[in-house]
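Colleague: Quick one, what's the 3D model for this:
(2 chains)
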Amino acid sequence: MQNDWRMPRRTVLGGLVGALGLGLAGRTAGAAGAPIRVGGTLSLTGPLAQTAHVCKIVSEIYVEDLNKRGGLLGRPVEYVLLDDQSKPDVTRSLYEKLITVDKVDLIMGPYGTSSILAAMGVAQRYSKLIIQSSMGIPKLATYELQFPATPFGPQPDKDFPKMVFDALDTTPHPPKTVSILTSKFPSAQVWTQGAKAEAERRGLKVSLYLEYEFGNRDFGAIAARVKDANADFLWVGVLGLEGIQLMEAMKKLDYTPPRQFNLFPAPGPFVNSPDMNHALAFTVFEEQPPFTSRPGIAKFVEVYNDRAAKAGITYPHVDNQASGPYSSWQILEAAVTATNSLDDKVMGAWLKHNAVETIDGKLTFDGPFNHGPQHMAVKQIQDGKFVVVWPKELTAPGAKLIGP
Amino acid sequence: MPSLTLLAQSLIAGLMIGGLYGLLALGLSLSWGLLRLVNLAHFALAFLGAYLTYQLGTVLHIPPLAALLVIVPGFFVFGVALHWLFMRFQVTELASLLVTFGITVIIESMIQYFWTADFRRYDSGYGNASFHVGPLFVPTLELGACLTAAALAFATWSWLRWTYVGKALRASAEDPGMAAAFGIDHRRLSFLLSGMCAAYAGIAGTFIALISTLAPAEIWSWIGVIFAVVIIGRLGNPVGALIAGLAIGASESLTMAVVAPAWAPVVSFSVLIALLLWQPRWL
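Modeller: Next up, the predicted model:
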């Protein structure tokens, strides 16, 4: 809660002078002239607002830093951000407005598969390049000038479940039976259907497969069915809090699954829940080597930790939710700088044939749906911290998957 | 075929969430049935109550029961003030839907301003507590919500049925002109009832804070099912709201256990549509 909203007058004046000083300092790095306006929406209100606030903080940090480094093409950059209320129809209208009324120079994608699809339709109509970081179903992104900033690869619904089961196979007692649940949120559902297919392909017995509506409130009966099935491994295609709610419902039945995986959990409640120790989840970035060894990333992590904590974010650390928008801006900066242009088609052509070093690794865009190879990873909660445990090339020294 | 234990466990889970439905529906049913105001802001008030419980508990370490000593009178006053506004601007039944929608958006924005859009969890230490009866487990907090809903519903029903004030309120709802001719001051009574409805929202909010994780947008996720509960339970009938809540909760839960969880949200509206087509005398 923002308790102290009444600042002493001296603090306000001091802050204004300081801010002015910082602003001037930023401008002196060389950014001059009319700003390059980059328009985009985020779900600042509605059910996706938790993650959108992370994206907003990241974008603000990036644009500030970019302007201190001289902006783009020697001009300062202005991020024109609108609230799409987590609604694809609103997203569509706002992108239309950004392009036709506000006449922004470039656009940046929104958060969430449905909103991205809505924005992509508008971008396609005006032949605008759009970079997005959370399109969980790549095969739906058929527009040639859309570029993914998160390295899911072209078929994450197949590649990622395989990765999880490969990781489990390295434990002393790999699972023989599996219960699979999923929210009907599009990406979670598609990836989880992939997990079911992968489990069956490996000869595992799928004891239970259930789908529930996104936003489901009551997990009591679902928990009873999971307990009844009592499989060796529980895969939950969750989004946000659902995994915690399911776990709490299972605790009330005095049941804890032997091991479990949560696809896209809310990181703060997830990592802080003692019941979730050793639970697995998806990631592409965590605050640990080798991720933080990438150029310039340690500084960003430090600034983000500070800003996020001040903004009241309950998990003020950089993970895949924060790395996605950062990577998006890195791709945009690279395309503008390399082509010395704001022409969407020119930048798109360059991206198709070149790699960009990002926070999420070296990204290429020459594969299906403009994806390059995937760089996904499996993380595990170990004593209140996320630890990347698979694949081996992305684990920190000494880190390993803990399993029964 | 699901085992008997699974069915019984699911039924318990459904009845427990149904109790919370009943608790949340109580104030809305009274407001709609007796004041002719469709108060969407009831949900926002419940969540404001939940966030205040969270804040008082996590920052000031005030236990939930003590928090209710602050929330209930505070919300009563808020309900009275809100009703004064409705009367001042002569808000009609249909207009109340639009006005309270706006108030809900404002309260949601306030919640997001103060507590951010991030998830908030009130770790009371007994959130996961349950006791078992044979092979079945009964969650303690949900049972508390259920019993509170039952106590409030029956107390309110008795008050409306057997006290002068209750009878006067029902008479005013039926025919305000005739009630006024018999010396009933509908205006004063409506302030009292509006305050009570808001206080009930605060009590429901305290249980929501203890049972679920909070996010501002969650306000909207309860509206559909609670509207169905209110209509099925009959407007202005507190015991009806409780029974409808329990029935919907149990039906949803058994659907999850026997058919598939994805079908559960269809249950409340299917029951509502069936009843509206059937038009039983008690509806």
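Colleague: So A:Lys362, which state does it fall into?
Modeller: Three-state secondary structure (criterion: DSSP: H, G, I helix; E, B strand; the rest coil) places A:Lys362 in strand.
Colleague: Run a quick neighbour tally on the residue nearest to it when sequence neighbours are not counted.
Modeller: Excluding the flanking residues, the one nearest A:Lys362 by CB to CB, 6 or more residues apart in numbering or on different chains is A:Ala355, at 5.2 Å. Where you see a C-beta, it was placed from the backbone N, CA and C, and this is true even at glycine. Residues near A:Ala355, counting by other CB atoms under 10 Å in any protein chain shown, number 14.
Colleague: Show the contacting residues for residue 148.
Modeller: This is for chain A. The neighbours of A:Pro148, taking CB atoms under 8 Å, 6 or more residues apart in numbering or on different chains as the test, are A:131-133, A:135, A:138, A:141, A:365, A:369-371.
Colleague: My question was about chain B, not that one.
Modeller: Here B:Thr148 is in contact with B:19, B:23, B:203, B:207 (CB under 8 Å, 6+ apart).
Colleague: Kindly report the same for A:Ala34.
Modeller: A:Arg75.
Colleague: dump the residue contacts of the closest residue to chain B within chain A.
Modeller: As assessed by CB to the nearest CB, chain B sits closest to A:Gly220 within chain A, at 2.5 Å. By CB under 8 Å, 6+ apart, the contact list for A:Gly220 reads A:249, A:252, B:9-10, B:12-14, B:16-17, B:139, B:253.
Colleague: So, low pLDDT: which residues of the stretch 51-200 of chain A?
Modeller: Low-confidence segments of the stretch 51-200 of chain A (pLDDT under 70): none present.
Colleague: That one: strands as residue ranges?
Modeller: A:77-83, A:106-108, A:130-132, A:146-148, A:177-183 (DSSP state E, counting those that start in this stretch).
Colleague: quick one, domains of chain A?
Modeller: Structurally, chain A divides into domains by automatic domain parsing as follows: A:34-152+A:289-373, A:156-283+A:378-394.
Colleague: For the shortest one, measure first residue to last.
Modeller: This points to domain A:156-283+A:378-394. Chord length of domain A:156-283+A:378-394, first to last residue, is 17 Å (CA to CA, to the nearest Å).
Colleague: and the closest residue to A:Val284 other than its chain neighbours, how many neighbours?
Modeller: Spatial nearest neighbour of A:Val284, chain neighbours left out: A:Asn320 (4.6 Å); criterion: CB to CB, 6+ apart. For A:Asn320, the neighbour count with other CB under 10 Å is 23.
Colleague: likewise B:Thr140?
Modeller: Using other CB under 10 Å, B:Thr140 has 15 neighbouring residues.
Colleague: Could you pull up the residues touching it?
Modeller: B:126, B:129-131 are the contacts of B:Thr140 under CB under 8 Å, 6+ apart.
Colleague: right, and out of those, which lies closest to chain A?
Modeller: Nearest to chain A among the contacts of B:Thr140, with distances taken as CB to the nearest CB, is B:Ser130, at 4.3 Å.
Colleague: For that closest one, give the beta-bridge partners.
Modeller: Taking DSSP bridges as the rule, B:Ser130 bridges to B:Pro139.
Colleague: Contact partners for it?
Modeller: Here B:Ser130 is in contact with A:251-254, B:137-140 (CB under 8 Å, 6+ apart).
Colleague: Kindly reformat these as CSV containing distance to B:Leu69 and pLDDT.
Modeller: Formatted as CSV, those follow (distance: CB to CB, whole Å; pLDDT from 0 to 100):
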residue, distance to B:Leu69, pLDDT
A:Lys251, 30, 91
A:Lys252, 28, 92
A:Leu253, 33, 94
A:Asp254, 34, 92
B:Phe137, 31, 95
B:Val138, 27, 96
B:Pro139, 25, 94
B:Thr140, 22, 94
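Colleague: residues contacting A:Val122?
Modeller: Going by CB under 8 Å, 6+ apart, A:Val122 touches A:92, A:95-96, A:99, A:128.
Colleague: just A:Gly348 next, same as before
Modeller: Contact analysis of A:Gly348 by CB under 8 Å, 6+ apart lists A:129, A:144-145, A:147, A:335.
Colleague: Equivalent analysis for A:Ala338, please.
Modeller: Contacts of A:Ala338 were listed using CB under 8 Å, 6+ apart, and they are A:350, A:354.
Colleague: hang on, it in a strand?
Modeller: No. Using three-state DSSP, the assignment for A:Ala338 is helix, not a strand.
Colleague: Can you name the residues of the stretch 301-404 of chain A that neighbour chain B?
Modeller: A:311-314 (CB under 8 Å from any CB of the partner chain).
Colleague: do you know how far the nearest residue to A:Asn272 once chain neighbours are set aside is from A:Asn277?
Modeller: In this structure, A:Asn272 finds its nearest non-sequential neighbour in A:Gly384, 6.9 Å apart by CB to CB, 6+ apart. The spacing between A:Gly384 and A:Asn277, counted by CB to CB, to the nearest Å, is 8 Å.
Colleague: neighbour count winner among these two?
Modeller: Taking other CB under 10 Å, A:Gly384 and A:Asn277 do not tie; A:Asn277 has more neighbours (14 against 11).
Colleague: so what's that one closest to, chain neighbours aside?
Modeller: Of all residues not flanking A:Asn277 in the chain, A:Ile381 sits nearest, at 5.6 Å (CB to CB, 6+ apart).
Colleague: Okay, A:Ser115 and A:Thr41: tell me how far apart.
Modeller: For A:Ser115, the distance to A:Thr41 equals 7 Å [CB to CB].
Colleague: Likewise for A:Ser127?
Modeller: For A:Ser127 relative to A:Thr41 (CB to CB), the value is 19 Å.
Colleague: tally of neighbours for B:Asp185?
Modeller: B:Asp185: 12 neighbours (other CB under 10 Å).
Colleague: quick one on the thing from earlier: I figured the residue nearest to A:Val284 hits A:Thr150, correct?
Modeller: Yes. Using CB atoms under 8 Å, A:Asn320 makes contact with A:Thr150 at a distance of 6.9 Å.
Colleague: overlap in contacts of these two?
Modeller: Common neighbours of A:Asn320 and A:Thr150 (CB under 8 Å, 6+ apart) are A:284, A:360.
Colleague: who are the neighbours in contact with the residue lying closest to A:Ala335 once chain neighbours are set aside?
Modeller: Nearest residue to A:Ala335 in three dimensions, chain neighbours excluded: A:Met347, at 3.9 Å (CB to CB, 6+ apart). Applying CB under 8 Å, 6+ apart, one finds that A:Met347 lies in contact with A:129, A:335-336, A:339, A:341.
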